[in-house]
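Novice: Below is the structure, and that's it, no one-letter string:
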């Protein structure tokens, strides 16, 4: 199957700092990437959809100025949590999709963020 | 809200087949049925997907009813490493997946 990587795998930061998370499709070109987050004992919740070269589409309730998404190439999307606060502590997971030809999405291993 | 309904939890003895059901009665004609699983603290792992026909791969088999309103994921010989939360979702290819609560499968020795 296709491989998606995320970096870093975990990060601890102080409140008020910004954190950048990278999502890479290693062996295929991803026309679309998705960002999800998962709080403890809950399911994954979609945050935004990112298409290469265009602005991300955010889900209702997700602040676009706080969660900056850049999808500059077909193999890389980044999520920046700006001015992180303890309530942003979560498990952030990206997925990548090649096209709309009936193929599956592949997920990264996730990034665990802890804001102190 | 998730568009699928799955049992909250299931148990299966190691070595036996695990049959995980899913109802997706509102699935539209061009939506696929996707199955993923999530082992604790990891990203979801793709298992299998299908449109109309039954599918089989090295991990599992997917049986889709003729009316496409339900499906069953079959793990033919469950192992302890198959313990995970299994998610059934229907979506158009290339679109985001709507994760519900899934089925927590416990494989016991």
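Specialist: Done, it's in. What you see is a predicted model, and the numbers here were worked out from it, not measured in a lab.

Novice: how about the strands of chain A, start to end?
Specialist: Secondary structure of chain A (DSSP state E): strands at A:4-7, A:10-13, A:19-25, A:32-38, A:45-51, A:57-58, A:67-73, A:76-81, A:90-97, A:105-107, A:111-115.

Novice: Number of residues surrounding the residue nearest to residue A:23 when sequence neighbours are not counted?
Specialist: Counting by C-beta to C-beta, 6 or more residues apart in numbering or on different chains, residue A:23 lies nearest to residue A:94, which is 3.5 Å off, once chain neighbours are set aside. Backbone N, C-alpha and C define where each C-beta goes, glycine included. When counting by other C-beta atoms under 10 Å in any protein chain shown, one arrives at 31 neighbours for residue A:94.

Novice: From residue B:29, how far off is residue A:94?
Specialist: Per C-beta to C-beta, to the nearest Å, residue A:94 is found 29 Å from residue B:29.

Novice: One more: residue A:55?
Specialist: Distance, residue A:55 to residue B:29, by C-beta to C-beta: 30 Å.

Novice: Show me the shaky parts of the chain.
Specialist: Here I'm looking at chain A. Within chain A, the segments meeting pLDDT under 70 span A:1, A:99-102.

Novice: You answered for a different chain; I wanted chain B.
Specialist: In chain B, residues with pLDDT under 70: B:1-2.
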